[in-house]
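Colleague: quick one, what's the 3D model for this:
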Amino acid sequence: MSRGLKLYLVVGAAALVLAVTGAAVAPQLIPDLPRVAVHKTRVTAQFQDAVGLYTGNGVSVLGMDVGKVTSITPKGGYVEVKLAIDARVDIPADVEAVTVSSSVLTDRHVELTPAYTGGPKLRNGDVLGLDRTRTPVEFERTLAMMHKLGSALRGDEHNQGPLGEFVALGSQITLGNGPDIKATLGRLSEALQVGSDKGAHSKKTIQTIITGVAELSEAASRNDAALREFGSYIHQLSDILAAENLGAGNTGAKINRLLAETSRLLEGNQDRLRDAFTGVRTVATTLTDNERDLREILDVAPLFIDNFYNVIDENSGSLRAHLLLGKTLLNSQFGKEVCNLMGLRQLACATGTLQDYGPDFGLGSMLDLMQDGIGGQP
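Modeller: Alright, predicted model coming up:
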């Protein structure tokens, strides 16, 4: 090897040592050199449990890693999990967090859903409560629930349990009812059989039923507002009854006391009530027998009351009346009898009018009758 080549090798080795040493020592010697920093959005999620979830596990959106789990802290009724998410990735403000497993043997990671499509964004320091987090149901929990259900159905050592009671109930129902059940099934089979008309009658019946149900549904839909209003009224009535507390308290006791007093009053006055109803029956019978007269009275009574009201003169405080004495006395059977007794032949005896008795209004005839009576002449 020549002298020049050795010199080059020594210089190259020294330069390599200096470069490695400088790369290791430079950050400590020059702490103020600028570094490239990635900003994080730090949020807190509250889970019911954190089985299979560890610090350092990934946080993803649509299967793409966007952050890490930084801490897991058990609390009273939940587990607090802090997440660090790349600030360059937009996350919706109403996002939900779900712990999922990529396979059976792997640890879980946190999946954020849904992906951001617009609107408010998740901010640094936000908290996802229990209503916004989900954890898968453990297989052990499912087995425990099935075991609990089986134990409840099994009952005790005396076969006292739901299944035992169900079997016993079925036995009691079918005991001694075999012929009836057989006959019922036979009739049902006959009803479902297709007759000689190839099921046309059954088809028509079913179509009629379906048409009726459709019309009923259509009527209900047309009267939806009325039905809802009726339901609202029923609800208000229920609220009123509930507010009155009829089933308990003083209101119910007062109603019971009132009913008891009413029953006692009716029992103690049965004879009087019977007599009263008998009298009412007699009155009703009398009214029925005189229905025609009562109808006439009811027809005339309004006119009579109206005329009686018009008789009273409120201004002068007197009664106004127009009495037709002449027509009442003369134009009647009474006037005709008087004419027969007096032997009068005037026109007035037939017409009942006072001026038809002549110029003397019948006084001359009356005086002649009186004179004949005094003189004893027939």
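Colleague: which stretches of the stretch 1-150 of the chain form strands?
Modeller: 40-47, 58-61, 64-74, 79-86, 96-101, 108-113, 127-128, 133-134 (DSSP state E, counting those that start in this stretch).
Colleague: between those, which one is nearest to residue 254?
Modeller: For residue 254, the closest of those is strand 40-47, at 53.5 Å, according to Cβ to Cβ. In this view, the C-beta of every residue, glycine as well, is placed from N, C-alpha and C.
Colleague: which parts of that closest one are buried?
Modeller: Using 16 or more other Cβ atoms under 10 Å as the test for burial, strand 40-47 gives 40, 41, 43, 44, 45, 46, 47.
Colleague: report pLDDT for the second one.
Modeller: As predicted, residue 41 sits at a pLDDT of 89.
Colleague: so what pairs up with it in the strands?
Modeller: Under DSSP bridges, the beta-bridge partners of residue 41 are residue 85.
Colleague: do the same with the fifth one
Modeller: Residue 45 forms beta bridges with residue 81, residue 128, as assigned by DSSP bridges.
Colleague: need the contact list for residue 227.
Modeller: residue 220 (Cβ atoms under 8 Å, 6 or more residues apart in numbering).
Colleague: likewise residue 60?
Modeller: Taking Cβ under 8 Å, 6+ apart, we find residue 60 in contact with 66, 109, 110, 111, 112.
Colleague: residue 265: which of the buried residues of strand 40-47 is nearest?
Modeller: Nearest to residue 265 among those is residue 46, at 68.6 Å by Cβ to Cβ.
Colleague: and the pLDDT at the nearest residue to residue 113 once chain neighbours are set aside?
Modeller: Using Cβ to Cβ, 6 or more residues apart in numbering and skipping the chain neighbours, the partner closest in space to residue 113 is residue 96 (5.8 Å). As predicted, residue 96 sits at a pLDDT of 92.
Colleague: same check, this time on residue 29
Modeller: At residue 29, the model reports a pLDDT of 51.
Colleague: rewinding a little: closest to residue 189 among the contacts of residue 60?
Modeller: Nearest to residue 189 among the contacts of residue 60 is residue 111, at 56.3 Å by Cβ to Cβ.
Colleague: and that closest one, how close does it get to residue 67?
Modeller: 11 Å (Cβ to Cβ, to the nearest Å).
Colleague: okay, the two: which has more neighbours?
Modeller: Taking neighbours as other Cβ atoms under 10 Å, residue 111 and residue 67 compare with residue 67 leading, 22 against 17.
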